[in-house]
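S.K.: Sequence below, structure please.
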Amino acid sequence: MAGVSFEGIDQILGKFGKPIGIPSYKPYNSQGSEDFLQNYFGMIGLPIEMVTAFPADAPVVLLTAQAAADAQIVSKIEASLKSGHHVVITSGLLKALRGRGIERIAELESSGRVALVNRFIVGRGDVVKGEKPILVPQITYRTNDSWELVSAIDGDNGWPLLHDADYLDGQLQVLTIPENFADLYALPEPVLNAFRRVIGGALPVYLEAPGKVSLFAYDNGTFLVHNFRDEPVTAKAIVPGDAGSLENLVSGESLPLVKVDAPSRVGQPPAERTSAAEFVLPPHSFRVFQRR
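M.R.: Numbers count the residues shown, from 1 in each chain. Next comes the predicted model:
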């Protein structure tokens, strides 16, 4: 098995550029209630770049509860937002920062209660159902200065799964993390697609696919998509613009990019056009593409 894997990688390893990802700040020697959460993000198609210094110039930064170890983290979040950037914090970090000044940025808090949910609303779209009920923290907020991008529904009540709040020229997003991190994989594909579109920020590509499909992006326009599931999946790679194609760097096959309607991506100017290429991934296999 190892020999087959290495032979496959040898065909394309020299074609990659420098790996790129969503910066996630983890102070030295920090721990928190969400240790290793970045691993789970990678398994839902969000490539993460761990950094030990706050990325003040990044258009999008993702912060977990580990960032609470930085005594100045709220000030750093506020400075980033004032510069027009986007900061995504998890529900665990929101809880850890209660009473430390996060309230002056957005009136959101973790209530200490949980909800068992398996229905979700993405934007103003239809209700979609998950694979199974999952437990999520109930995040509460004031309704006059922020809004839900993705909602979790149980009965007549709903709570934000991905929440957005304006702050001067920037935006703060709160991502609600299930009590069992692995339940991220059970979220419906439209929910995961919204996460990727919003949190993917400045990446040159994002995916539309179910959970357990990972993206590895590089600075020369190449990217790898890996299916860790036990069954084949149909995935889409979404890129800005409406010209060109994706070349499979192993087979040489060319996939045309087709114009699609998609919301603007956080961290980038509004895209006039967006294109997608669809492909099938067999179980436990990968495809490597480069935009042409």
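S.K.: pLDDT below threshold where in this structure?
M.R.: 262-273 (pLDDT under 70).
S.K.: How is it divided into domains?
M.R.: 15-199, 206-291 (automatic domain parsing).
S.K.: Between those domains, which one is closest to Val4.
M.R.: With C-beta to C-beta as the criterion, Val4 lies closest to domain 206-291 of those, at 11.2 Å. Yep, even glycine has a C-beta here, placed from its N, CA and C like the rest.
S.K.: related to what we said a few turns ago, would you turn the domains of the chain into TSV with distance to Gly8 and mean neighbour count?
M.R.: Compiled in TSV, the domains of the chain are given as follows (distance: least, C-beta to C-beta, whole Å; neighbours: other C-beta atoms under 10 Å):
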stretch	distance to Gly8	mean neighbour count
domain 15-199	13	18
domain 206-291	8	17
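S.K.: want to throw those domains into a markdown table with distance to Ser5?
M.R.: Formatted as a markdown table, these follow (distance: least, C-beta to C-beta, whole Å):
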| stretch | distance to Ser5 |
| --- | --- |
| domain 15-199 | 16 |
| domain 206-291 | 10 |
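S.K.: which one of these lies closest to Met1?
M.R.: The nearest among the domains of the chain, by C-beta to C-beta, is domain 206-291 at 10.5 Å.
S.K.: Of all the domains of the chain, which one is nearest Ala2?
M.R.: Using C-beta to C-beta, the nearest of the domains of the chain to Ala2 is domain 206-291, at 14.0 Å.
S.K.: and the closest one, how far apart are its ends?
M.R.: 13 Å (C-alpha to C-alpha, to the nearest Å).
S.K.: now do stretch 64-82
M.R.: 20 Å.
S.K.: Over to stretch 261-278?
M.R.: By C-alpha to C-alpha, one end of stretch 261-278 lies 14 Å from the other end.
S.K.: now do stretch 40-49
M.R.: 13 Å.
S.K.: what does that stretch contact?
M.R.: 19-24, 38, 62, 181-182, 184-185, 187, 192, 195-196, 199-200, 203, 206-207, 209, 211-217, 228 (C-beta atoms under 8 Å, 6 or more residues apart in numbering).
S.K.: Among the residues you listed, which ones are in strands?
M.R.: Applying DSSP state E to these, the entries found in strands are 19-20, 22-24, 62, 206-207, 213-217.
S.K.: any idea which element Val225 lies in?
M.R.: For Val225, the element it lies in under DSSP states H and E is strand 222-227.
S.K.: Check Gly3 too.
M.R.: Judged by DSSP H and E, Gly3 forms part of helix 2-10.
S.K.: Please save the CA atoms from that helix in CSV.
M.R.: Provided in CSV are the C-alpha atoms of helix 2-10 (Å, rounded to 0.1, in the frame of the first residue of the first chain):
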residue,chain,number,x,y,z
ALA,A,2,2.8,2.4,0.9
GLY,A,3,4.6,1.7,-2.3
VAL,A,4,1.5,2.4,-4.5
SER,A,5,0.9,5.6,-2.6
PHE,A,6,4.5,6.8,-3.0
GLU,A,7,4.5,6.0,-6.8
GLY,A,8,1.3,8.0,-7.2
ILE,A,9,2.7,11.0,-5.4
ASP,A,10,6.0,10.8,-7.3
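S.K.: what about that helix, distance to the chain center?
M.R.: Relative to its chain's centre, helix 2-10 lies at 29 Å (C-alpha atoms, centre = their mean, to the nearest Å).
S.K.: Now do it: everything it contacts.
M.R.: Val250.
S.K.: One more: stretch 20-35?
M.R.: By C-beta under 8 Å, 6+ apart, the residues outside stretch 20-35 that reach it are 38, 41, 46-55, 58, 60-70, 90, 92-93, 95-96, 177, 181, 199-201, 203, 217-219.
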